[in-house]
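Visitor: here you go, sequence then predicted model.
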Amino acid sequence: MREGTATLIRREDYTAPAYWIKTVDLTFDLDPIKTLVINRMQVERNTALPVQPLKLHGEDIMLTRVLVNNESVSFRHEDGMLVIDNLPEGLFQLEIRNTCCPEKNTQLSGLYTSGGGFFTQCEAEGFRRITYFLDRPDVMAVYTVTLRAAKTQYPVLLSNGNLVEQGDMMTGVYGPRHFAKWHDPFPKPSYLFALVAADLVAREQHIRTRSGKDHLLQVYVRRGDLEKTEHAMNSLVASVVWDEARFKLPLDLERFMIVAVGDFNMGAMENKGLNIFNTKFVLANPATATDVDYAGIESVVGHEYFHNWTGNRITCRDWFQLSLKEGLTVFRDQEFSMDMAGTATARAVKRIEDVRQLRQLQFPEDAGAMAHPVRPDSYVEINNFYTATVYEKGAEVVRMMQTLVGNHQSDPLGREGFARGITLYFSRFDGQAVTCDDFAQAIADANPQSELAKQLPQFKRWYAQAGTPRVSARGRYDAPSRTYTLGIEQTALPSPGQPAKQAYVIPLAMGLIGRDGQALPLQLEGEAQPVGTERVLVLNEARSFFTFVNVDVEPVPSLLRGFSAPVVLADHLADADLLTLLQHDTDPFNRWEAGQRLALNRLLAAVKDEAPLQLDDAFIGAMRTLLHHPELDAAFKELALTPPSEAYVAEQLSAVDPQRIHQAREAMLLQLAQALRDDWVWAFESHQVKGGYSPDPVSSGRRALANLALTMLCRDAIARGDVVWPGRAYERFKDAGNMTDRLGALTALTHSHAELAELALQRFHMLFKDEALVIDKWFALQATTPEKDGQVFARAKQLLKHRDFSLKNPNRARSLIAALCMNNPAAFHRNDAAGYVFWADRIIELDSINPQLAARLARVMDRWSQLAEPYRSGAGEALKRVAAKPDLSSDVAEIVTRALQQEST
Ligand code: PHE
Ligand code: ZN
């Protein structure tokens, strides 16, 4: 599919561009079949390098003309590039004319059509699918863009920056035409270019920022969706306010636009001044969006907005530095959501959700075929490296930097030191394309006394080494000397291309807890007095020892508080210790973690021993106490009472039998449902939310807990043959005042395999048949129902033929295929390998339509070599079948080739 791109690109091969492009003047004659692009550039040779030809990227476009200083020149095509020799010295004008076909662009990279409008997606290498260019992030130019299109079909014409002119043109064969001219004063890399031409309407808001400047914020959507834009706009306003308050980073544009599009490969895109969003992260009203959707919108709107500084004002020198913008911006959006949440527990809930995500997606990635460092060393297809490692682990690396610039007295969390670092980063690099090293150096230099500054070269191993480090801790209490010694080891397992690893710098936030639940004062050997009850130990060797003095009783250690580093911790705590932490830990994260560990121990025992799971009274009693706890938030309780996912359990095992894990977890859920029956009734009834819908953390937490309770009650009822609770769930489903409760009730029915589930699903489809995002939920819910006798898999296959299903729309494709293959292990991993056949068929189909999306779904097989038989063999065969497809895209080829390389390991 992509000629000439199936080569390995290496970080160490980076060289500066041979030419600079200073300005770009683009004119588009927009037509779905044949769009004409006129591209006039001011180009200059990079005099730091030897004289050489200009080589421009281009892909799937038709060249019609090349002019240098208005005269035609000779050119050639070589390795998929347009090569021009013999160029003048100094600044010259290069004009390229070409055409492209937006309607046939099913890859959704470059210029494409969706819902009758034109949209672009240029990150990472989509601009070359629009015109010939030096399509690399270190070439930054000032853009002027003129759009011409039919006026009735495309009344709205947008591009980056400010509108400088607009008006009518002569009527064309298809009716009146018009134009708009935009100018973006900020030099930018081509991946931040965007245009939109469509029939849209906008919610608008004027704001005045601290400096007294006025700005126009707009959220563009299709007609009819305007009433679903309030939350996105509120989130945008909150983002502007937050970035100015926390990091002194103001909005630098007169106009900031968000546009929603129904066909989009990713979540959203931070194009300068013109963010383009998947509708999923813009559109919400209480009737169609859940609390989770509302939270997702807030965080993605924040994320893209924050990119305006971290990504756009300072961008990446090359794509190996992707985490420079993504890790940092994820960190920023996580902090934003936490600050918006307010209370300490609401912050902790957000942190727990983020860590759960990291463990579920990034840890397996780091242990599988696609393992790569936060700053990768090589890639075939850069689109395959928009990963949980670059994003989420990258954010953890930034978070550790913040922790390591903290100091116990004045800035325990490191917030001030980190904000200082950000300020220095911008004073050094604003307007430039830089590296992860530049970033880390700025944070360290702004905090010269910090642990980060002292250990920077070693700290940066986090950027260079793949794999999740293991930290193993053992405590020893010595009663006569009243000392407590923690011995802590770190090890890192080999990963592809990295057999041996060096020790990391690991910030380990910790406390000690007495048997009565009291937090103990912490005084290390050699210190004159205790320093608080929580501190950050810094590990930097394979093995470290920390001795605490004046410890009166044997404590329970609470380690890795707040998940202070992305590691797997083995703390060797017994159940009794975990129960103490669950009851008393002042760190809400570790409190949650203790509960998860108790559940995990039981699940693992059942899976390993092949014995049916039988929950003990201690565990059930602890869960009951937690559920009724007078001080804990409902949102926290919901997280704590949800056992670890099947995927997380699988990660703890070397030979994974997904069916056995499923059975154990299902048994745990049923026993929790039965043993706590009265408590679930209480939880359901006492967490109803009265009044109008609001997605705030308190109300959404109450809804989450009530919905969990309802699912538990239905599970218990179905097992007993009782019809009351399913009946109540059905009533609630029918009468729900918002989507969270409606979907919650529907989930209770489907997950418990209640008979009424069928009726409810039909009704749900009828009610929402015109709401694409809700129909996605309808597909996903059916595909993620806990498997029972193969029914769920059979239904998913059936749904492929449903008239609403389409592989062309990424959200819809994901709602069925990713939901089944990635989020429903027991339905997917079957004895008869039918799930793998299903997977291979879909990847092969999708590869010809949208290779980026196909490659994402192909990632399901990352961990295939860790499966037990017969799963492993079935998965291997499916992989080989995909690998053998003629004209397989380089995107999917990279994924399946790497997966198959695991065979020998
Ligand atoms: N840069 C986008 C983000 O993180 C993600 C993205 C990558 C979108 C590539 C489209 C294509 O917000
Ligand atoms: Zn991003």
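Guide: Here it is on my side, so go on. Ligands and ions are numbered 1, 2, ... in the order given.

Visitor: pull the number of nearby residues for the residue of the chain found nearest ligand 1.
Guide: Of all residues in the chain, residue 266 sits closest to ligand 1, at 3.5 Å by CB to the nearest ligand atom. To be clear about C-beta, it is placed using only N, CA and C from the backbone, and glycine gets the same treatment. If you count neighbours by other CB atoms under 10 Å, residue 266 ends up with 19.

Visitor: residue 278 is in contact with that one, correct?
Guide: Yes. Applying CB atoms under 8 Å, one finds residue 266 in contact with residue 278, separated by 6.9 Å.

Visitor: for the residue of the chain closest to ligand 1, what are its contacts?
Guide: Residue 266 makes contacts with 278, 386, as judged by CB atoms under 8 Å, 6 or more residues apart in numbering.

Visitor: does residue 145 belong to a helix, a strand or coil?
Guide: Using DSSP: H, G, I helix; E, B strand; the rest coil, the three-state assignment for residue 145 comes out as strand.

Visitor: measure it to residue 183 for me?
Guide: Look at residue 145 and residue 183: by CB to CB, to the nearest Å, they are 8 Å apart.

Visitor: gap between the helix or strand that contains residue 594 and the chain center?
Guide: Per DSSP states H and E, residue 594 falls inside helix 588-609. Relative to its parent chain, helix 588-609 has a centroid offset of 25 Å by CA atoms, centre = their mean, to the nearest Å.

Visitor: end-to-end on stretch 192-206?
Guide: End-to-end distance of stretch 192-206 (CA to CA, to the nearest Å): 24 Å.

Visitor: residue numbering should commence at 94 henceforth.
Guide: Taking 94 as the first residue, the last one we looked at is stretch 285-299.

Visitor: pLDDT on that stretch, on average?
Guide: Mean pLDDT, stretch 285-299: 98.

Visitor: any residue of it up close to ligand 1?
Guide: No. Figure legend: stretch 285-299 not in contact with ligand 1 (CB under 6 Å from any ligand atom); closest approach 9.4 Å.

Visitor: anything in that stretch near ligand 2?
Guide: No. If you take CB under 5 Å from the ion as the test, stretch 285-299 misses ligand 2, and the best it gets is 11.7 Å.

Visitor: quick one: that stretch to chain centroid distance?
Guide: With CA atoms, centre = their mean, you get 24 Å for stretch 285-299.

Visitor: what of stretch 605-613?
Guide: 37 Å.

Visitor: can you list the neighbours in contact with that stretch?
Guide: Residues from elsewhere that reach stretch 605-613 (CB under 8 Å, 6+ apart): 577, 604, 615, 626-627, 641, 644-651, 673-674, 676-679.

Visitor: list the buried residues in it.
Guide: For stretch 605-613, a neighbour-count test (16 or more other CB atoms under 10 Å) marks 605, 606, 607, 612, 613 as buried.

Visitor: buried residues of the longest strand belonging to the chain, list them for me.
Guide: As assigned by DSSP state E, the longest strand anywhere in the chain is strand 270-282. Residues of strand 270-282 classed as buried: 270, 271, 272, 273, 274, 275, 276, 277, 279, 280, 281, 282 (neighbour count, 16+ other CB under 10 Å).

Visitor: what are the contacting residues of that strand?
Guide: 229-244, 248, 250-264, 345, 365-366, 405-406, 408, 524, 526.

Visitor: now a ChimeraX select for only the buried ones of those.
Guide: Restricted to buried positions by 16+ other CB under 10 Å, the ChimeraX selection for the contacts of strand 270-282 reads:
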select :229,230,231,232,233,234,235,236,237,238,239,240,241,242,243,244,250,251,252,253,254,345,365,366,405,406,408,526
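
Visitor: which of the contacts of strand 270-282 fall in strands?
Guide: Those of these lying in strands (DSSP E): 233-243, 250-252, 255-261, 408, 526.

Visitor: so where's the stretch 94-243 of the chain shaky on pLDDT?
Guide: 94-98 (pLDDT under 70).

Visitor: residue 240 touches residue 124, doesn't it?
Guide: No. The criterion here is CB under 8 Å, and residue 240 misses it with residue 124 at 11.8 Å.

Visitor: and the longest strand of the chain, average pLDDT?
Guide: The model assigns strand 270-282 a mean pLDDT of 98.

Visitor: how about stretch 635-652?
Guide: 97.

Visitor: go through that stretch and flag the buried ones.
Guide: Quick answer for stretch 635-652 (16+ other CB under 10 Å): 637, 639, 640, 641, 642, 644, 648, 649, 650, 651, 652.

Visitor: now the residue in the stretch 594-743 of the chain that ligand 2 sits nearest to. Its backbone dihedrals?
Guide: Nearest to ligand 2, among the residues of the stretch 594-743 of the chain, is residue 659, at 18.5 Å (CB to the ion). Note on residue 659: its backbone torsions stand at phi -80, psi 70 [degrees, to the nearest 10].

Visitor: who touches it in this structure?
Guide: By CB under 8 Å, 6+ apart, the contact set of residue 659 is 451, 455, 486, 489, 490, 561.

Visitor: mind doing that once more with 10 Å?
Guide: Residues counted as contacts of residue 659 (CB atoms under 10 Å, 6 or more residues apart in numbering) are 448, 451-452, 455-456, 459, 467, 482, 485-490, 492-493, 555, 561-562, 597, 599, 653.

Visitor: tell me the confidence at residue 491?
Guide: As predicted, residue 491 sits at a pLDDT of 99.

Visitor: for it, give me its contacts.
Guide: 403, 416-417, 420-425, 427-428, 467, 511, 532-533, 536, 555.

Visitor: alright, calling it a day.
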